[in-house]
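Chemist: show me the folded form of this:
(one chain, ligands or ions: 1)
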Amino acid sequence: MSLIPDDVIEQVRETADIVGIIGEHVELKRTGTDFRGPCPFHGGTHRNFAVIPRKGMFYCFVCHAGGDVFTFFMKKLGMDYPTAVREVARRVGITIPERGPSGPDPRDPLYSAVAVAADWFARQLRESPEAEVARQYLASRHFELDMLLPLGLGYAPRGGSAFLDAMKGLGLRDDVLLEAGLVAKREDGTVVPRFRGRLLFPIHDLRARAVAFGGRILGDGEPKYLNSPDTPIFHKGQLLYNLHVAKHAMRKAERAILVEGYFDVLRVSLAGIEEVVAPLGTGLTAEQAQLVKRHTAHVILLYDSDDAGLRATFRAGDELLRQGLRVSVATLPVGEDPDTLVQRHGATGLEALLKDAVDILERKVQILERKGFFGTLPGRRRALDRLLPTIRAAKDPITRELYISRAAEAAGVRKDVLEREVVGTTSTILHRPPPSSTVLPSNAEKALLLLLLEGEPWCSRVTEAVDPEEFEFAPYRAVFESVADDAVLALDDTSARAYEHLKAEGLGGRDPNEMYEVAVNWMEARRLERELQRLDDQLPFESPERQASLIAEKRRVFDELRKRYPRYKIAARRRGAPGT
Ligand SMILES: [Zn+2]
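Modeler: Coordinates of the predicted model:
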């Protein structure tokens, strides 16, 4: 099967009329957007068998057989995958080159193992008494089980033996389970199931084969979400959740909607908006952005509106711009996520929000404007610093040109000056002293970079925790950005020297956990400190009533700073207690 190219399989699947093809074997009647009929697999007489054309899939609510048009032929007529693809291709008039001499895909046992496990997990969610906790949890989030079962959700029991026994009974060897990421090996050589006590979301590849799982803990425990490790059939940076379904819809709708979590995807997609995908528990990668680009030219980011959500929004946005996509941001009301919004306002409410999505650079300008950045000269300088990464990320020349014009207008600088800064040939408006190449400041920024250079898992933890903009020492910021973007070779001389020094220094036996905690706390404290500064700057220009509320706000931030970060020195502050 590895011999039929993916894009041909794709073309066959998209051209195939799944209702017509299955309709030759089952008497189907339309119910709403779906079609129903008696199930050909368990021989039912009631209309429990559904064909869902907009998802390109079928599902039986009694025997739970399900899949796409190829799976139907495999299950109904006992074909293998390549034969099923050829059979559907023949019907839709697509010619597939003859089979070559080489043998089957050596990864086939892994695909089978994950498929078998997915079936087993799904059955636990439907039937096992222990999974009541999972069913209750879904109910508490207002999800109906019947809506989720066709999507393959599952439950992994808490204990270790049920899954291992079941897999053994189905003839799956430990080494295959291990390679498929379904079990982990203990030090003593015994294996344990990777997922225990979790609600499981199957992750599919572009051919709609389950290749991995994302697991949400039920009850207390860490981590909240656990994914399959990378395996020969799963690379988490190279797939998106729900892409196998969303890619069809993306073409039709001429847009993709990017959300943060699995539940957001489920809710939006169940509301009938299918072109929705999510990264797999990490920031959006370049490969994921490229994947999206294969199906649409426009992405709407729909993340939470809090600070963490905004940081994730702009990081993902820059990655998409680097791939030449057009990027808009839809802004959720404070405290809402896509899940709660759709529950409250339905698909109509969501569509209205998507319709109001603004271009990502414009969104940045709005936020900076609201925070008062453009009111002062230093503020305008800092505002430009925040806009520059987005302008630089824009690969499309017209977009970049428009961005430069807009940023120049917002910050009140000449366009040609900004242009030079964007391409990095000058620092006309960058009044920073030239940093020494040998004396590097020792501080939280440096500690984070040392961790970053240690590789995983520190690299991910650091890039999750802080943004490039938070690095005040320019060479450190450059190093951070280049490592995060895997573009170390693009560093200028000064920053490249800083990079080399940091590489040479290493952790030197220091405890990375402690370093991380202290440094992140310090950065967080500095964020609060900046917030105080902003309030201070704003205070003189406000009405007395508004001043009173700003002073209250300052007191709150100041208390938080002192309470949460006692190690952070507030000595730098000039005016003592807030509001005095
Ligand atoms: Zn059935």
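Chemist: in which helix or strand would I find the closest residue to the ion within the stretch 301-450 of the chain?
Modeler: As assessed by C-beta to the ion, the ion sits closest to residue 347 within the stretch 301-450 of the chain, at 29.5 Å. C-beta here means a position set from N, CA and C on the backbone, and glycine is covered the same way. For residue 347, the host element (DSSP states H and E) is helix 338-355.
Chemist: who does that helix touch, helix- and strand-wise?
Modeler: helix 262-270 (3 or more C-beta pairs under 8 Å, 6 or more residues apart in numbering; DSSP states H and E).
Chemist: give me the residues contacting the next helix or strand after the helix it packs on.
Modeler: Using DSSP H and E, the helix or strand that follows helix 262-270 in sequence is strand 276-277. For strand 276-277, the external contacting residues (C-beta atoms under 8 Å, 6 or more residues apart in numbering) are 240-243, 246, 256-259, 264-265, 268-269, 292.
Chemist: show me these that map onto strands.
Modeler: 256-258 (DSSP state E).
Chemist: would CSV of the residues you listed with pLDDT and neighbour count be doable?
Modeler: Below are the ones in strands among the contacts of strand 276-277 laid out as CSV (pLDDT from 0 to 100; neighbours: other C-beta atoms under 10 Å):
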residue, pLDDT, neighbour count
256, 98, 27
257, 98, 29
258, 98, 28
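Chemist: so for the longest helix along the chain, mean pLDDT?
Modeler: As assigned by DSSP state H, the longest helix anywhere in the chain is helix 512-538. Helix 512-538 comes out with an average pLDDT of 81.
Chemist: name the helices or strands packed onto it?
Modeler: helix 444-452, helix 458-465, helix 544-564.
Chemist: turn those helices into a markdown table, columns for mean pLDDT and distance to residue 343.
Modeler: Listed next are those as a markdown table, based on pLDDT from 0 to 100; distance: least, C-beta to C-beta, whole Å:
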| stretch | mean pLDDT | distance to residue 343 |
| --- | --- | --- |
| helix 444-452 | 90 | 38 |
| helix 458-465 | 85 | 28 |
| helix 544-564 | 81 | 31 |
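Chemist: returning to that earlier point: what's around the residue of the stretch 301-450 of the chain closest to the ion, how many residues?
Modeler: 13 (other C-beta atoms under 10 Å).
Chemist: for it, which non-adjacent residue is spatially closest?
Modeler: residue 271 (4.0 Å; C-beta to C-beta, 6 or more residues apart in numbering).
Chemist: surely the one you found and residue 346 touch.
Modeler: Yes: when contacts are counted by C-beta atoms under 8 Å, residue 271 is listed as touching residue 346 (6.7 Å).
Chemist: the most centrally placed residue in the chain: what's it in contact with?
Modeler: For the chain, the residue nearest the mean C-alpha position is residue 279 (2.3 Å; C-alpha atoms, centre = their mean). By C-beta under 8 Å, 6+ apart, the contact set of residue 279 is 240-241, 258, 260, 285, 288, 316.
Chemist: where does the protein dip in pLDDT?
Modeler: The chain contains residues with pLDDT under 70 at 1-3, 99-103, 424-440, 486-490, 538-542, 566-580.
Chemist: which residues of it lie near the ion?
Modeler: 39, 41-42, 60, 62-63 (C-beta under 5 Å from the ion).
Chemist: try it again at 6 Å.
Modeler: Residues of the chain that fall close to the ion, judged by C-beta under 6 Å from the ion: 39, 41-42, 44, 49, 60, 62-63, 65.
Chemist: those residues: which two are farthest apart?
Modeler: Using C-beta to C-beta, the residues of the chain next to the ion span at most 10.6 Å, a distance reached by 44 and 65.
Chemist: coming back round to it: who's more crowded, residue 271 and residue 346?
Modeler: residue 271 (20 against 12).
Chemist: which residues touch the more buried one?
Modeler: 342, 346-347, 350.
Chemist: which strand or helix spans residue 30?
Modeler: strand 29-31.
Chemist: and that strand, what's buried?
Modeler: Using 16 or more other C-beta atoms under 10 Å as the test for burial, strand 29-31 gives no buried residues.
Chemist: so how far is the longest helix of the chain off the chain centroid?
Modeler: Its chain's C-alpha centre and that of helix 512-538 lie 26 Å apart, by C-alpha atoms, centre = their mean, to the nearest Å.
Chemist: now do the buried residues in it.
Modeler: Those would be 515-516, 518-526, 528-529, 531-532, 534-536, 538, for helix 512-538 by 16+ other C-beta under 10 Å.
Chemist: need the nearest residue in space to the closest residue to the ion within the stretch 451-580 of the chain, chain neighbours excluded.
Modeler: As assessed by C-beta to the ion, the ion sits closest to residue 460 within the stretch 451-580 of the chain, at 42.7 Å. Counting by C-beta to C-beta, 6+ apart, residue 460 lies nearest to residue 282, which is 6.5 Å off, once chain neighbours are set aside.
Chemist: which strand or helix spans the nearest residue to residue 361 once chain neighbours are set aside?
Modeler: Spatial nearest neighbour of residue 361, excluding adjacent residues (C-beta to C-beta, 6+ apart): residue 403 at 4.9 Å. Taking DSSP H and E as the definition, one finds residue 403 inside helix 397-411.
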